[in-house]
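Trainee: got a predicted structure here, sequence first:
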Amino acid sequence: MLARIAIRCLMVIVVALSLAGIGSVRPALADEAPRKKLNVLFIAVDDLNNSLGCYSHPLVKSPNIDSLAQRGVRFDRAYCQYPLCNPSRSSLLSGLRPDTTRVVNNGVPVRKNIPDVVTLPQFFRQHGYYSARVGKIYHYGVPGDIGKSGLDDTPSWDHFVNPRGRDKDDEADVINFGPGKGLGASLSWMIAKGEDAEQTDGKVAADTIKLLEEHKDKPFFIAAGFYRPHVPDIATRKYFDLYPLEKVLLPSEPSEHFAHIPDAALTVKPANYGLEPEKLRIFKRAYFASISFVDAQVGKVLDALDRLKLSDNTVIVLFGDHGWLLGEHGHWQKMSLFEESARVPFIICAPGAKGNGRACPRTVELADIYPTLAELCGLKAPEVLEGFSVRPLLENPEGAWGHPAFTQVIHGQAKGYSVRTERWRYTEWNGGKAGVELYDHDADPHEYRNLALDPQYAKTVEELGALLRAGPRGKAQ
């Protein structure tokens, strides 16, 4: 009898302590659902530079990407690791830098040199996510490989779609300002016939929305790869109408600045391909029209995400795979270490991040995407990754960082390596033997004055040279 009373008293005490929250861990209630995994919507825009409203471009209209920037964190100093499609995409999708992937051209699949690599979408697939792509994520040639898989990576996906639109079917009507060059490597353009939905990027949007609808109830990594504004620049007429030709201007630059640029840095010879200014302006208008066209397609996908009530549980990342020159230094296209070629648009919208709606001035890289998405989704990233998670900057965009950005390229026999801090860009060609460049972005944001040989900046050259040689894992800036 006394034993039963003692047991009852002990039970009363335990219950009382439990209700008071003392000395116990509250078990999960049966009707409490576990926290849902965050989804990932991964948006890649081919050859998109920073000509966007959210990056303060005075002319380009990009309301949907601008809206995404207002919902997330816009990185103002983001850089690719190699200013060419395949090397850049191979780097960011593997989380490894070009010297590790050894992919430095458009003809080598990422898995050829590193067969055991776990790519970003493959990593999510291994962790129970539905992984799918629509359009260009890994490299394939535009426009030649539209409708095909190109250098796609099969282990990365549960499903893939290779859309082909009317723009590809009407390719014979494309205007090419670069005689002797293919449409994918020249200043080529066309006003598309038909409606947006008939074009390849219209189909990218539609097929991405279909995947979102079909897989909204389980964790997904869905990648939408848009083709424009890669040449040939194609958009329907209403987007061309946004840009009266008289408002499309070419850069006005001091001609004498060419004298101080190493020959290895200059790849477009003669400058502007020797084309007359009117043709250059006509093409530039087409590039802007293509941006607005793609922006509208991105908007359709983002609207669908909202309609499906997925926005509050989905990390959205949008980026351009490298920059694109529009006449700066007499150059067009990519494959340059000038700012306009190395810098990229980069936006992350993470549910609940304290930094959402703000801009980040820190130097970040596309190599940072892989570790960032892994951490945001609560996954342990592979230790081999060579970028850094930017999650701290999503909470405090102006917080301490300390990582410069590195970009490299090969021009014939010249290898260029460039490091970008918040103030400086420093570049060496063949270890400095083929030329050195130093630009002060506080005073010279267009890189007109190469200070590398000015004795006044000898200490800066020495410090940045050491930083460049130390590499990303060296001493922080």
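Mentor: Now that the structure is in, tell me what you want to look at. It should be emphasised that the depicted structure is a prediction, and the values quoted were computed from it without experimental measurement. Numbering: from 1, shown residues only.

Trainee: what is the mean pLDDT for the top helix by length along the chain?
Mentor: If you go by DSSP state H, the chain has its longest helix at helix 277-307. Taken as a whole, helix 277-307 carries a mean pLDDT of 98.

Trainee: what's it packed up against?
Mentor: Under the contact definition 3 or more Cβ pairs under 8 Å, 6 or more residues apart in numbering; DSSP states H and E, helix 277-307 sits against strand 39-45, helix 63-71, strand 188-192, helix 200-214, strand 220-226, strand 233-236, helix 237-240, strand 314-320. Every residue, glycine included, has its C-beta placed from N, CA and C.

Trainee: repeat the analysis, applying 6 Å as the threshold.
Mentor: In terms of contact count using 3 or more Cβ pairs under 6 Å, 6 or more residues apart in numbering; DSSP states H and E, helix 277-307 is assigned the packing partners helix 63-71, helix 200-214, strand 233-236, helix 237-240.

Trainee: would you confirm that Ile348 contacts Phe75?
Mentor: No. The criterion here is Cβ atoms under 6 Å, and Ile348 misses it with Phe75 at 7.6 Å.

Trainee: domain ranges for this structure, per the record?
Mentor: Listed domain ranges for the chain are 39-398, 408-470 (source: automatic domain parsing).

Trainee: in this structure, which segments are predicted with low confidence?
Mentor: 1-35, 475-477 (pLDDT under 70).

Trainee: which residues in it form helices?
Mentor: Ranges of helices within the chain are 2-20, 63-71, 85-94, 98-101, 110-113, 120-126, 166-169, 200-214, 237-240, 277-307, 339-342, 369-376, 391-395, 458-470, based on DSSP H.

Trainee: so which of the ones you listed is nearest Ser418?
Mentor: helix 339-342 (6.6 Å; Cβ to Cβ).

Trainee: one step back: need the winner for burial among the domains of the chain.
Mentor: domain 39-398 (a mean of 20; mean count of other Cβ atoms under 10 Å).

Trainee: not counting sequence-adjacent ones, nearest residue to Met407?
Mentor: Heads up, residue 407 is Thr, not Met. Among residues not flanking Thr407 along the chain, Ala342 sits closest, at 4.3 Å (Cβ to Cβ, 6 or more residues apart in numbering).

Trainee: OK, contacts around the one you found?
Mentor: Tyr79, Pro83, Gly323, Thr407 (Cβ atoms under 6 Å, 6 or more residues apart in numbering).

Trainee: mind redoing it with 10 Å?
Mentor: Ala342 makes contact with 78-83, 322-323, 334, 336, 405-409, 418, 420, 425, 427 under the criterion Cβ atoms under 10 Å, 6 or more residues apart in numbering.

Trainee: most centrally placed residue in this structure?
Mentor: Phe319 (2.7 Å; Cα atoms, centre = their mean).

Trainee: mind listing the residues bridging to it?
Mentor: Beta-bridge partners for Phe319, by DSSP bridges, are Ala44, Phe346.

Trainee: go ahead and confirm it touches Ala78.
Mentor: Yes. Phe319 sits in contact with Ala78 when judged by Cβ atoms under 10 Å, with a separation of 7.4 Å.

Trainee: quick check: neighbours shared by the two?
Mentor: Joint contacts of Phe319 and Ala78 (Cβ under 10 Å, 6+ apart) are Val344, Pro345, Phe346, Ile347, Leu366, Ile369.

Trainee: distance to Ser88 added to those residues, as CSV?
Mentor: Supplementary listing: the shared contacts of Phe319 and Ala78 in CSV, determined by distance: Cβ to Cβ, whole Å:
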residue, distance to Ser88
Val344, 9
Pro345, 13
Phe346, 12
Ile347, 17
Leu366, 7
Ile369, 11
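
Trainee: using PDB, list the CA coordinates for stretch 77-94.
Mentor: Output of stretch 77-94 as PDB, limited to C-alpha atoms (Å, rounded to 0.1, in the frame of the first residue of the first chain):
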ATOM      1  CA  ARG A  77      29.900  42.400 -56.900                       C
ATOM      2  CA  ALA A  78      29.400  38.900 -58.100                       C
ATOM      3  CA  TYR A  79      31.800  37.200 -60.600                       C
ATOM      4  CA  CYS A  80      32.100  34.200 -62.700                       C
ATOM      5  CA  GLN A  81      35.200  32.000 -62.600                       C
ATOM      6  CA  TYR A  82      35.600  31.800 -66.400                       C
ATOM      7  CA  PRO A  83      33.900  34.100 -68.900                       C
ATOM      8  CA  LEU A  84      32.700  31.300 -71.200                       C
ATOM      9  CA  CYS A  85      29.600  29.200 -71.000                       C
ATOM     10  CA  ASN A  86      30.900  25.700 -70.500                       C
ATOM     11  CA  PRO A  87      33.900  26.400 -68.100                       C
ATOM     12  CA  SER A  88      31.600  28.700 -66.100                       C
ATOM     13  CA  ARG A  89      28.800  26.200 -65.800                       C
ATOM     14  CA  SER A  90      31.100  23.300 -65.200                       C
ATOM     15  CA  SER A  91      32.600  25.300 -62.300                       C
ATOM     16  CA  LEU A  92      29.500  26.400 -60.600                       C
ATOM     17  CA  LEU A  93      27.700  23.100 -61.000                       C
ATOM     18  CA  SER A  94      30.600  21.100 -59.700                       C
END
